[in-house]
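S.K.: what's the 3D shape of this:
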Amino acid sequence: MEIYQKYKELAVKIMCTDNAGKDLSYGSGCLFQPDTEEYTYVLTAKHCLKHVILEDGTIDASRIKVQRYFDQTIEVKECFAHDDLDIAVIIVALVPDIPHTFIIKPHYKGQVNVYGYPERLKNNSTDYRHKIECTINDILPEMYELTTNQHQMTYDNGIPNNIVGLSGSGVYTEVDNNILLGGIFSKLKTSDGAYSAFLVTDASRINEILVEKQLPLLIPKCLMNFVEYIKKAFNQHDRSIQRVLSKKAGQLNNISPKAMLEKFNNKLFIPYTEIEKVDILNENIWSGWVSLLTYLYIESGQYIDLTNLLTREKEDVVQKIKFYFSEPTKRLEDIVGLLLNTTVYEDLNSNDCIIVNSNDKVGNLELKNERIKKILRHVGQSFEDEMMINYSDFTKKISCIHIDSFSRKFYDSIETESDDPDLEEKLRNCISEVLDNVI
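M.R.: Prediction:
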């Protein structure tokens with residue numbers, strides 16, 4: 001799905017009505033699919049619901065209408081608002097197949113987009129959604145201040161009138177082909193729209209509502225388990241191999257992308273990269289993890305915990321596996337060169353094996369220790385002033401392979417038959433050979 005379509009798929013229009021069904025106010029919201037098949041969230045600003053908040057603080061959900069596109073009405077089930085902040089979550093009937101998004105904390109001077117349903121466009125015959133490009137001007141404890149990149153006033157209307165209906169809109173950062181949610185548009189910084197400044201509430205604070213109501217947190221379903229990545233992880237293999245690998249991968253049901261993010265955070269990538277600056281929903285990241293963990297599980301024959309799975313022992317040598325996702329490159333040598341101007345090298349120990357995953361295929365799939373030392377010395381001498389480590393002392397015995405080394409080994413070594421009872425053992429031997437070859 002193209003990125004512009006993802007904005008359209010996630011944006012909704014919110015209306016509050018009186019007891020007779022007459023519309024009293026307009027606002028916007030954004031869809032979010034938590035880890036459930038029973039309902040979907042609509043995230044919005046609390047003040048968009050002011051006409052249906054009762055004296056005791058509860059919300060009359062029966063007087064809330066949520067619409068998607070021009071005429072698709074979504075059933076509203078419940079609604080809860082934050083006690084202190086201008087945020088709320090509406091529980092609606094399950095909306096299938098909406099794009100995944102992820103909650104991030106935008107950074108200062110970062111580019112973000114407000115996307116919603118301004119009332120001024122409600123009679124537009126083609127589209128009444130609108131995107132406003134902004135820059136983050138300040139980061140406050142609970143909010144972000146944005147400055148619009150284009151003036152929002154017109155010859156006949158000031159900013160306050162032109163942005164009516166946009167309250168509650170999702171505020172997104174674009175990363176590659178995904179949009180990541182940073183906040184909910186709350187209000188203008190000043191009532192007259194001076195300085196074209198908006199205030200946005202941190203989207204992660206919605207989790208405070210969800211914790212209180214014992215509802216699933218704002219973690220997309222695609223990060224809660226590896227199930228949807230299994231097919232992609234093994235689709236390059238012969239079908240017999242696919243069946244064996246998929247069955248073993250299905251047994252790793254207590255490991256998830258969420259667990260990986262919590263354990264490794266920015267160290268999932270080489271060079272180390274803040275989560276907010278990468279496309280954390282990139283399927284290649286997680287299908288790579290499915291592949292690696294499955295291979296290691298097959299070789300070890302048991303799963304105790306993640307640390308145990310990423311540690312091998314061979315002839316009194318302890319080999320720790322360090323798995324990284326890298327930006328597109330055609331050469332494994334270039335990825336190794338990134339060790340110099342990052343802190344990755346400082347975190348490596350002798351006998352560690354770096355395994356790399358990437359969006360692109362690479363030429364050479366394996367680099368042994370001596371070759372890596374030569375690469376580091378060469379790069380270090382070329383960029384001595386920019387280094388974070390001393391290029392003259394590369395004493396760590398490390399190796400590097402690409403995740404595709406395993407599938408290449410399977411292809412070269414195994415002639416598959418649909419009923420081969422020894423196929424898993426053959427895969428185990430291939431996996432061991434790949435890893436043993438670089439000790």
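S.K.: for the rest of this, base every contact and every neighbour count on C-alpha atoms.
M.R.: Noted.
S.K.: pull the longest helix from the protein.
M.R.: If you go by DSSP state H, the chain has its longest helix at helix 283-300.
S.K.: quick check: buried residues in that helix?
M.R.: 284-299 (16 or more other Cα atoms under 10 Å).
S.K.: over to stretch 266-274?
M.R.: 266-272.
S.K.: nearest to residue 80 among those?
M.R.: Distance to residue 80 across the buried residues of stretch 266-274 (Cα to Cα) is lowest for residue 266, with 33.2 Å.
S.K.: re earlier: CSV for the buried residues of stretch 266-274, including distance to residue 174, pLDDT and secondary structure?
M.R.: Converted to CSV, the buried residues of stretch 266-274 look like this (distance: Cα to Cα, whole Å; pLDDT from 0 to 100; DSSP: H, G, I helix; E, B strand; the rest coil):
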residue, distance to residue 174, pLDDT, secondary structure
266, 18, 89, helix
267, 21, 91, helix
268, 20, 92, helix
269, 19, 91, strand
270, 21, 87, strand
271, 20, 85, coil
272, 20, 87, coil
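S.K.: okay, these in CSV with distance to residue 32 next?
M.R.: Putting those into CSV (distance: Cα to Cα, whole Å) gives the following:
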residue, distance to residue 32
266, 24
267, 27
268, 25
269, 26
270, 30
271, 30
272, 28
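S.K.: centre of the chain to stretch 16-26, how far?
M.R.: Taking Cα atoms, centre = their mean, to the nearest Å, one finds stretch 16-26 lying 37 Å from the centre of the chain it belongs to.
S.K.: okay, buried residues for it please.
M.R.: Buried residues in stretch 16-26 (16+ other Cα under 10 Å): 16-17, 25-26.
S.K.: do the same with stretch 349-359
M.R.: For stretch 349-359, a neighbour-count test (16+ other Cα under 10 Å) marks 351-359 as buried.
S.K.: surely residue 19 and residue 62 touch.
M.R.: No: Residue 19 is beyond contact range of residue 62, at 9.2 Å (criterion: Cα atoms under 8 Å).
S.K.: ok, residues contacting the helix or strand hosting residue 325?
M.R.: Assigned by DSSP states H and E, residue 325 belongs to strand 317-326. Outside strand 317-326, the residues within contact range by Cα atoms under 8 Å, 6 or more residues apart in numbering are 267-271, 285, 310-313, 335, 351-359, 439.
S.K.: helices - which of these land there?
M.R.: Judged by DSSP H, the subset of the contacts of strand 317-326 located in helices is 285, 335.
S.K.: related to what we said a few turns ago, can you tell me which helices and strands the longest helix of the chain packs against?
M.R.: Under the contact criterion of 3 or more Cα pairs under 8 Å, 6 or more residues apart in numbering; DSSP states H and E, helix 283-300 touches helix 230-234, helix 239-249, helix 306-309, strand 353-358, helix 423-436.
S.K.: could you export these as a markdown table, including distance to residue 330?
M.R.: Output for these, formatted as a markdown table (distance: least, Cα to Cα, whole Å):
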| stretch | distance to residue 330 |
| --- | --- |
| helix 230-234 | 20 |
| helix 239-249 | 26 |
| helix 306-309 | 29 |
| strand 353-358 | 9 |
| helix 423-436 | 21 |
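S.K.: distance of residue 420 from residue 366?
M.R.: Residue 420 sits 29 Å away from residue 366, going by Cα to Cα, to the nearest Å.
S.K.: those two: which has the busier surroundings?
M.R.: Between residue 420 and residue 366, counted using other Cα atoms under 10 Å, the more crowded position is residue 366 (19 against 11).
S.K.: please name the bridge partners of the more buried one.
M.R.: Beta bridges link residue 366 to residue 401 when assigned by DSSP bridges.
S.K.: does it touch residue 404 like I think?
M.R.: No: counting by Cα under 8 Å, residue 366 stays clear of residue 404, with 9.7 Å between them.
S.K.: roughly how far apart are residue 130 and residue 106?
M.R.: 21 Å.
S.K.: what's the answer for residue 143, then?
M.R.: Using Cα to Cα, residue 143 is found at 11 Å from residue 106.
S.K.: and for residue 313?
M.R.: 42 Å.
S.K.: more neighbours: which of those two?
M.R.: Neighbours were counted for residue 313 and for residue 106 using other Cα under 10 Å; residue 106 has more, 22 against 10.
S.K.: doesn't the more buried one fall inside a strand?
M.R.: No: assigned with DSSP: H, G, I helix; E, B strand; the rest coil, residue 106 falls outside any strand and is coil.
S.K.: which ones are touching it?
M.R.: Residue 106 makes contact with 136, 173, 182, 276, according to Cα under 8 Å, 6+ apart.
S.K.: restricted to strands, list those.
M.R.: Per DSSP state E, strands hold the following members of the contacts of residue 106: 136, 173, 182.
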